[in-house]
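[1] Fold the stuff below for me.
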Amino acid sequence: MLREYSGAMPKKPTGKRSTSAGGSVRVHGKAGNGEGSVYPVAEGRWRATYRDASGKLRVVSGKTREQVIARRAEAMGSTENIAPSRFDRSMTVGELADWWLTNVSAPRVRASSLAKYSDRVDRIRAGIGDFAVVDLGPEQVQEWQAALQRDGLSSSTVADTRLTLRQVLGVAVLYGLVARNTTDAVRPPRVVTKPGRALTPDDARALITAAADDRLGAAVALLFVQGWRVSEVLGLAWGDIDPTAGTATIRRAAVYVDGEGTVLGPTKTDGAVGVHHLAPGVLALLESRREAQKEEQAIAAAWEQHTYDGRPIDLVFTTKSGGVLNRQAVTKALGKAARAAGLDARGLGTHVGRRTVVTTLYAEEGIDLADIARHVGHASASTTADYVRRLGDRPRATAEAAARRLDVFPAAGRREDGRT
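    Got it, this is the predicted structure:
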């Protein structure tokens, strides 16, 4: 329906502020009771401002002055009984770190990882925990970081603790307590790490052969052929294996938790979960392990039973009484097999298998990193790239491919027209 023209021109929007010819500034619609301002922003559009219970400035819009005033009153009425946010200017870094550990970190990480985060929060609380978040400056973060290094912590431990502080203060930014993350203004410590060891294919086969008769020989094969994490190996159950299809499904891991020992829990990353194709030799060793376990059960006074996600499971690798096995037992088996094979056992940890598989498939077979990541259960190929310890013939093959496809002087520096 057309509205009847009244003959009056609509009021020209003045905006929230206007300046007179004399230079004075006027704030239109400024309320005297601290409620904020009411002002037009365009033809038929008004705004009103107010501060909520936490002190944050809020804005409501409408078509008329009366409408925005009513909307503001409704909004203020709906928030007047809301308790003030815990994220106010009095909150300390220690309080925020504790809140982050309980509400952000704990629901997302494994119990074994939570213990590490708890240690980092303890360092944060001890060093800068009494500072109000809004008062924490780069100089305090720098001094705290330097103090951790003077206390003898490794550069990687200090860097990890600093990263946790950054995550904690990220919550303060997210909830509007501070405008920027103070940690970003401080450079992390320089971390120097030694490259981990990776065996050659020949040495890996010698190790697997030497371990074949050990009760954990199949575990060694899963490490050095499949590239699994030891936690995934120890979490494997017989129901996860399909001998006909030649596959195993990773569903869980065995991890160490402070105060509890080794327990069953989720895998380190979701990239590991799923079906994995097993090598024939690995399947054969698993079958030998099954027969050996039956003999162990027959002579054991009692056999421990396990459940996961409310369902009973039969673990493949256990103690001789059926208990959850710890990773140190696998490390000992590796050392024993290395000595039997004439290999250097120093530094031969369970993760050497993972690096060996990645390096062999990339350097010797030329397989794409994304495919290798799926084989070993990495969440991304960029992580897999960090496990490569040698390149094999790849650099030469790459240079030859470039020459074959792109070089215009293929014959000992002679151009295609015959001139040098």
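[2] Break the protein down into its domains, please.
    36-84, 93-185, 201-385 (automatic domain parsing).
[3] Quick one: the ones you listed as CSV, columns for mean neighbour count, distance to R394 and mean pLDDT too.
    All C-beta spots, glycine's among them, are computed from the backbone N, C-alpha and C. Below are the domains of the chain laid out as CSV (neighbours: other Cβ atoms under 10 Å; distance: least, Cβ to Cβ, whole Å; pLDDT from 0 to 100):
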stretch, mean neighbour count, distance to R394, mean pLDDT
domain 36-84, 15, 56, 76
domain 93-185, 17, 29, 92
domain 201-385, 18, 6, 93
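[4] Run through the strands of the stretch 101-250 of the chain in chain order.
    Under the criterion DSSP state E, counting those that start in this stretch, the stretch 101-250 of the chain contains strands at 241-242, 247-250.
[5] Columns distance to R162 on top of the ones you listed, output as CSV?
    Compiled in CSV, the strands of the stretch 101-250 of the chain are given as follows (distance: least, Cβ to Cβ, whole Å):
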stretch, distance to R162
strand 241-242, 43
strand 247-250, 32
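[6] Minimum distance to A115: which of these has it?
    strand 247-250 (22.9 Å; Cβ to Cβ).
[7] Give the pairing partners of that closest one; include direction for each.
    strand 241-242 (antiparallel), strand 274-277 (antiparallel) (DSSP bridges).
[8] elements contacting the helix or strand following it?
    The element immediately downstream of strand 247-250 (helix or strand, assigned by DSSP states H and E) is strand 253-257. Applying 3 or more Cβ pairs under 8 Å, 6 or more residues apart in numbering; DSSP states H and E, one finds that strand 253-257 contacts helix 111-128, helix 230-234, strand 261-265.
[9] who wins for proximity to N103 among the strands of the stretch 101-250 of the chain?
    Proximity to N103 (Cβ to Cβ) singles out strand 247-250 among the strands of the stretch 101-250 of the chain, at 29.1 Å.
[10] Identify the residues contacting the closest one?
    Around strand 247-250, the neighbours that count as contacts under Cβ atoms under 8 Å, 6 or more residues apart in numbering are 228, 232, 235-236, 240-242, 267, 272-278, 377.
[11] Mind doing that once more with 10 Å?
    The contact list for strand 247-250 (Cβ atoms under 10 Å, 6 or more residues apart in numbering) reads 222, 226, 228-229, 231-233, 235-242, 267, 271-278, 282-283, 286, 316, 377.
[12] Now do that strand: distance to the chain's middle.
    The chain centre lies 23 Å from the centre of strand 247-250; the measure is Cα atoms, centre = their mean, to the nearest Å.
[13] now the helices for the stretch 51-200 of the chain?
    65-79, 93-100, 111-128, 138-150, 155-174 (DSSP state H, counting those that start in this stretch).
[14] I'd like those laid out as JSON lines, including distance to A212.
    JSON lines is the format used below for the helices of the stretch 51-200 of the chain (distance: least, Cβ to Cβ, whole Å):
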{"stretch": "helix 65-79", "distance to A212": "70"}
{"stretch": "helix 93-100", "distance to A212": "48"}
{"stretch": "helix 111-128", "distance to A212": "30"}
{"stretch": "helix 138-150", "distance to A212": "46"}
{"stretch": "helix 155-174", "distance to A212": "36"}
